[in-house]
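Participant: Provided below are the primary sequence and the corresponding predicted coordinates.
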Amino acid sequence: QVQLVESGGGLVQAGDSLRLSCAASGRTFSSYPMAWFRQAPGKEREFVAAISGSGWTIYADSVKGRFTVSRDNTKNIVYLQMNSLKPEDTAVYYCAAAAQAVTVLRSVLQYNYWGQGTHVAVSS
């Protein structure tokens with residue numbers, strides 16, 4: 001059974017940093033993209049960042065320059081380093097993994113597996 005488990009969320013102040021982790025089990029995703037999405041109350045789930053199996057990365061404009069996605073294929077873990085956090089970053093953050101080649105990394109429809117989410121709250 002495939003599982004994605006996020007950790008690292010919490011309550012921080014604006015300008016602080018957090019690092020989210022997503023540990024995958026049940027299969028290896030080293031060849032395929034993994035991504036982070038987030039969902040704020042009353043809003044749709046939105047793309048944050050993604051990383052291909054080879055390490056190529058893409059970011060939402062709202063987090064570019066502040067967030068960094070990385071992965072450790074030996075441990076089947078993907079990370080999201082979040083710096084200079086803003087109140088508008090407050091959301092539940094979800095890890096996602098694909099089980100095949102992905103054509104549109106920003107699309108929720110491209111990912112087969114999802115974690116349960118970890119909450120990030122940024123106070124002003």
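Facilitator: Ah, there it is. Numbers count the residues shown, from 1 in each chain.

Participant: residue ranges for the strands of this structure, please.
Facilitator: 3-7, 10-13, 18-25, 34-39, 46-51, 57-59, 67-72, 77-82, 91-97, 113-114, 118-123 (DSSP state E).

Participant: Any idea which of those gets closest to L105?
Facilitator: strand 46-51 (4.1 Å; CB to CB). (Each C-beta comes from the backbone N, C-alpha and C, glycine too.)

Participant: Who are the packing partners of that closest one?
Facilitator: Contacts defined by 3 or more CB pairs under 8 Å, 6 or more residues apart in numbering; DSSP states H and E place strand 46-51 against strand 34-39, strand 57-59, strand 67-72, strand 77-82.

Participant: Check which residues of stretch 76-93 are buried.
Facilitator: N76, I77, V78, Y79, L80, M82, L85, D89, T90, A91, V92, Y93 (16 or more other CB atoms under 10 Å).

Participant: now the end-to-end length of that stretch.
Facilitator: One end of stretch 76-93 to the other measures 18 Å (CA to CA, to the nearest Å).

Participant: Quickly note the distance from the residue nearest the centre of the chain to A96.
Facilitator: With distances taken as CA atoms, centre = their mean, the residue of the chain nearest its centroid is W36 (2.1 Å). Here W36 is placed at a distance of 7 Å from A96 (CB to CB, to the nearest Å).
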